[in-house]
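got a predicted model here, sequence first, then my questions.
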Amino acid sequence: MDSAQWESQLRKGALEMVVLAALWRTPLYGLEIIRTVERELALALSEGTVYPILSRLRADNSLTAQWVEAEAGHPRKYYALTDAGRQRLLAMVNTWDEFSRGVNRLLKLVEQKDASQ
């Protein structure tokens, strides 16, 4: 696996958590979620990536969705976290924190080894 494939797999693994996190403060419609993630992560996302995640999260009761009429243009489907979704995200964040602390400890070993050479 080359580095681009590895990076792609790493990002895919975190996308569900990232989508939930984008909705932590307020409901957003799909394009707003995409823009938020792109802005915060400098990561280009497609609708074909995000909407299946939103669909899965709705199916497992982590999100609700509601169509809202826009003043100009077409109605938009806004997604919001449910209580179960908030709990799921908090559990994911705890797991992420533990995992990333361990990875960072290992990477410090690499940095120390590299500095000694």
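All right, it came through fine.

please report how far residue 62 lies from residue 105.
31 Å (Cβ to Cβ, to the nearest Å). The way it works is simple: take the backbone N, C-alpha and C, and place the C-beta from them, glycine included.

neighbour count: those two, which is higher?
Using other Cβ atoms under 10 Å, the more surrounded residue of residue 62 and residue 105 is residue 62, with 23 against 9.

isn't the more buried one up against residue 91?
No: look at residue 62 against residue 91 with Cβ atoms under 8 Å: they stay out of range, at 11.1 Å.

quick one: low-confidence parts of this structure?
Residue ranges of the chain with pLDDT under 70: 113-117.

quick check on the most centrally placed residue in it: phi, psi?
For the chain, residue 18 is the residue whose C-alpha lies nearest the centre (Cα atoms, centre = their mean; 1.4 Å). Main-chain torsions, residue 18, degrees, to the nearest 10: phi -60, psi -40.
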